[in-house]
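1. here are the coordinates; sequence isn't available:
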């Protein structure tokens, strides 16, 4: 991956693609590359939907190789939702395909001079950009079927749905999975709206005739990969829990811990949790679709295999296995305990191109505003369909929880920097609250997943209900996460590498053997810090201050049942997270 593909959507007489050497960005991948490009090339004060913003799509350093778990991809831009820097991460096939085509990144620049919608096709022979207004307002599912009809089924797709075309701040970018379905999403921060502002509906990738990327030291690479996979399979979370029940294995665990946000972050436990748990979900999937339906990877090379397929009562495909965050957002947060309704909502989100976390939080706020009753699944479905249709109400909801709260006069809106909180109440998992408050990305669970030590006892144990130790926990996890997001590795490898020194060493050996440069833990630490420093610098230049690194005030005032605790980490301590 020694080249970058720059696509100037504002060029005359039409969009133009230019391959350029990677140059000053050499050695970077994934989040390290997207954040470096955005920090250097995007004016921090620009409007996120303007031609000055750039959308950067970058596979990880190891993507396209034979390394296990290396198929994650990063999308970067200035966020329409937060107004700050954004990296949204996704699984699916495109990372591997784009890397095998030799590209370290695709950068969409400028914006079209007309209202045409474009499709981009990339293969070994080059790049084709064509206006195609027949694609306007297609859902992601119909869009991918149309691309298959045009290009065959050996492709991978990166696309937006109607939400992205409407430039809604909750719009996602879809990445096709191994079944060529648009089920994996770079969901957070409104990245789909930026792709829509660039006038690009879909990027089709075809890596036919390419080869798997070769490591610098083949034998060391093979040995390290073998040891790395063995470590993942030996760990209870990556080798047992996630493969059996998917990410939704967390519902019963977090509910029991009293940290499952229920009815718009009112309580920490949901009476119907067992009905929507990972155990119930896996049993439902395997019964309806056949044994093994709840076990598959979202990209080739995945050995954790925490995904699956959700079928209706007649055995018909509905959606991919809804992830824990999706089940929580459209389930307990909205008082809904019906897996079929949650799967329907997930399918609509994927088709319209919407972040399931943001939309679940938004519907929870709408329910608190009186637009629907908590627990009314059909009302939630109807509200989401308003977004897909682009009605005035739908456009309000499609711009996220913060906008919806302002429009309907709701005080209790669970957002940081304009982005909604995921499936862990910060009063019940206080380390997660530190990450929500201080991450440059806005409220984001993956930015520093403190649930590891707060709830799961992975990488140590820190009392989730007390402020002590939370700053250090979140700091260390944010640094490590930034580095992992740059490799193309799935973040779930963190469970094993936090608990098993030999698995962490295998990862270092894997990276070193691939690049030809030995890597140490200190190198990983330095990379993570450098990424965070660039991201925070961008946000500072965009006008962010320490006051933006805060949770909404009610989390410090309203006690969360059943533990009846408030968020107790002080503002002074929050300001110390990045003092290293």
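-> Cool, got the structure. These numbers come from a predicted model, not from an experiment.
2. got the contact list for residue 341?
-> 330, 377, 378, 380, 381 (C-beta atoms under 8 Å, 6 or more residues apart in numbering). C-beta coordinates here come from the backbone N, C-alpha and C atoms, glycine included.
3. can you tell me which of those residues end up in helices?
-> 330, 377, 378, 380, 381 (DSSP state H).
4. quick check, the first one in contact with residue 355.
-> No: the criterion here is C-beta atoms under 8 Å, and residue 330 misses it with residue 355 at 11.8 Å.
5. overlap in contacts, these two.
-> Between them, residue 330 and residue 355 share no contacting residue, judged by C-beta under 8 Å, 6+ apart.
6. in the contacts of residue 341, which residue is surrounded by the most others?
-> residue 330 (32 neighbours; other C-beta atoms under 10 Å).
7. and that residue, how close does it get to residue 339?
-> To residue 339, residue 330 is 10 Å away according to C-beta to C-beta, to the nearest Å.
8. between these two, which contacts overlap?
-> Joint contacts of residue 330 and residue 339 (C-beta under 8 Å, 6+ apart) are residue 322.
9. quick check: buried residues in stretch 522-537?
-> Within stretch 522-537, the residues scored as buried using 16 or more other C-beta atoms under 10 Å are 524, 527, 528, 529, 530, 531, 532, 533, 534, 535, 536.
10. mind listing which of those are in strands?
-> In strands, judged by DSSP state E, none of the buried residues of stretch 522-537 are found.
11. relative to residue 27, which of these is nearest.
-> residue 527 (9.8 Å; C-beta to C-beta).
12. the closest residue to that closest one other than its chain neighbours: how many residues sit nearby?
-> Closest residue to residue 527 apart from its sequence neighbours, by C-beta to C-beta, 6 or more residues apart in numbering: residue 483 at 4.6 Å. Neighbour count of residue 483, defined by other C-beta under 10 Å: 23.
13. hmm, residue 483 is touching residue 531, no?
-> Yes: using C-beta under 8 Å, residue 483 is in contact with residue 531, at 7.2 Å.
14. what do the two both touch?
-> With C-beta under 8 Å, 6+ apart as the test, residue 483 and residue 531 both reach residue 32.
15. farthest-separated two in the contacts of residue 341?
-> 330 and 378 (12.5 Å).
16. quick check on residue 73: phi, psi?
-> phi -130, psi 150 (degrees, to the nearest 10).
17. gap between it and residue 462?
-> According to C-beta to C-beta, residue 73 stands 31 Å off from residue 462.
18. before we move on, what about residue 4?
-> Using C-beta to C-beta, residue 4 is found at 41 Å from residue 462.
19. one more: residue 223?
-> 35 Å.
20. cool, residue 131 as well?
-> Counting by C-beta to C-beta, the gap from residue 131 to residue 462 is 54 Å.
21. which one's more surrounded, these two?
-> A direct count of neighbours by other C-beta under 10 Å for residue 131 and residue 462 places residue 462 higher, at 21 against 15.
22. pLDDT wise, what is that one at?
-> Looking at residue 462, its pLDDT is 98.
23. does it touch residue 432 like I think?
-> No: with contact defined as C-beta under 8 Å, residue 462 does not count as touching residue 432 (10.9 Å).
24. can you check the pLDDT for the closest residue to residue 516 other than its chain neighbours?
-> Leaving aside its chain neighbours, residue 516 sits nearest to residue 216 (3.1 Å; criterion: C-beta to C-beta, 6+ apart). Residue 216 is assigned a pLDDT of 96 by the prediction.
25. ok but residue 216 is inside a strand, no?
-> No: using DSSP: H, G, I helix; E, B strand; the rest coil, the assignment for residue 216 is coil, not a strand.
26. mind checking the pLDDT average for stretch 140-159?
-> Averaged over stretch 140-159, pLDDT sits at 98.
27. what do you get for stretch 339-357?
-> Taken as a whole, stretch 339-357 carries a mean pLDDT of 98.
28. so where's the longest helix in this structure?
-> Max-length helix for the chain by DSSP H is helix 521-541.
29. what packs against that helix?
-> helix 30-41, strand 85-90, helix 470-484, helix 501-515 (3 or more C-beta pairs under 8 Å, 6 or more residues apart in numbering; DSSP states H and E).
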